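> predicted model and sequence below, questions to follow.
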Amino acid sequence: MIRKCLFPAAGYGTRFLPATKSMPKEMLPIVNKPLIQYGVEEAVSAGLDQIGFVTGRGKRALEDHFDTNVELEHQIAGTDKEALLTDIRALIDRCTFAYTRQVEMKGLGHAILTGEPLMGGEAFAVVLADDLCVHTDESVLSQMVALYRTHQCSIVAVEEVPLDKTASYGIVSGEALDESLVRVSAMVEKPEPEVAPSNLAVIGRYILTPDIFDILKRIPPGRNNEVQITDALNEQAKQGAVLAYRFKGQRFDCGSIEGFVAATEHIFRRDYAPGANYPTKQDR
Ligand code: UTP
């Protein structure tokens, strides 16, 4: 069973400057809810309620979001505004939250390694909250947790990207097991299109088996002199221990301006526009 979910959230978010100069990228709101809350809601939808955050300097707003604000809550008690806090209160009641700091930004792999004390010696999920995933039926993380039950190995969520975009992603290659699953044989971090083994790109949803930590400790820094999770997964892939999953749903790269605007439009139309067809709460 997977119970833990790690949120690496120490990055500088330079693509979103100046908004991210003193505010974490993960606190950017899509309509009225911060990205990190969508991420934690997705984790809970998959049954994961032990939440770990890897934060850094300037990220205290994340901790404050998953805590009560006595003064504010007293102020709005008994008004219709209270309902706006129902969802975040439910998360605070349901989950445990643990935090650790990445002191130097040495890459996503290094951030995940920094989270080792929070994840214990069991398989865990990783969510990059700036990738917002929406779905009609089961959340992307729920889909992956269900797969883990059967396959008991690391799983990365992938989607096809245009060939000229491979240099922005980790790219996988391998043998198709069925229409949605690939047994990964190799993974490359941000290859140029000419050398990309495919156009199947890893997005910000992972399930990792705990041996990933020993690999992360052992491998040398890769691209950009950063410790790359792609390189560590490539080691597991050589043992046949990584699956790539073409998830059902839609993903928005909210770390980019275009993706952020597209996500905002999508969520507004879905949940808030006049006449919107309100989904059930689980679907949000
Ligand atoms: P990104 O590549 O999106 O980097 O990191 P970033 O700093 O967040 O944003 P830009 O590119 O400068 O605009 C992917 C994920 O890995 C985390 C980030 O917080 C983000 O969730 N990360 C990255 C860390 O936690 N630590 C790192 O050293 C690097």
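Arrived safely.

> helix, strand, or coil at the residue in the chain that the ligand sits nearest to?
Of all residues in the chain, Gly11 sits closest to the ligand, at 2.5 Å by C-beta to the nearest ligand atom. C-betas here are computed from N, CA, C, even on glycine. Gly11 falls in the coil class when you classify it by DSSP: H, G, I helix; E, B strand; the rest coil.

> start the count at 607 instead of 1 going forward.
Okay, residue one is now 607; in that scheme the one you just asked about reads as Gly617.

> surely it touches Met711?
Yes - taking contacts as C-beta atoms under 8 Å, Gly617 lies within contact range of Met711: 6.5 Å.

> overlap in contacts of these two?
Here Gly617 and Met711 have 662, 717 as joint contacts, going by C-beta atoms under 8 Å, 6 or more residues apart in numbering.

> who's more crowded, these two?
Shown here are Gly617 and Met711; by other C-beta atoms under 10 Å, Gly617 has more neighbours (22 against 14).

> just list the residues touching that one, thanks.
Gly617 makes contact with 631, 662, 711, 717, according to C-beta under 8 Å, 6+ apart.

> how near is it to Ser651?
Gly617 is 24 Å from Ser651, where distance means C-beta to C-beta, to the nearest Å.

> which residue ranges form the strands in this structure?
610-614, 635-636, 639-640, 656-661, 702-707, 730-733, 737-740, 760-766, 776-782, 787-795, 806-814, 848-852, 856-859 (DSSP state E).

> buried ones among the contacts of Gly617?
Those of those that meet the buried threshold are 631, 662, 717, by 16 or more other C-beta atoms under 10 Å.

> format those residues as a markdown table; extra columns: pLDDT and distance to the ligand.
Converted to a markdown table, those look like this (pLDDT from 0 to 100; distance: C-beta to the nearest ligand atom, whole Å):
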| residue | pLDDT | distance to the ligand |
| --- | --- | --- |
| Lys631 | 94 | 6 |
| Gly662 | 91 | 7 |
| Ala717 | 97 | 3 |
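
> output those residues in JSON lines, with distance to Ala696 appended to each entry.
Shown next, in JSON lines, are those (distance: C-beta to C-beta, whole Å):
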{"residue": "Lys631", "distance to Ala696": "24"}
{"residue": "Gly662", "distance to Ala696": "27"}
{"residue": "Ala717", "distance to Ala696": "27"}
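
> helices - which of these land there?
Of the positions in the buried ones among the contacts of Gly617, Ala717 sit in helices, assigned by DSSP state H.

> which one among the buried ones among the contacts of Gly617 gets closest to Glu765?
Nearest to Glu765 among the buried ones among the contacts of Gly617: Lys631, at 21.0 Å, using C-beta to C-beta.
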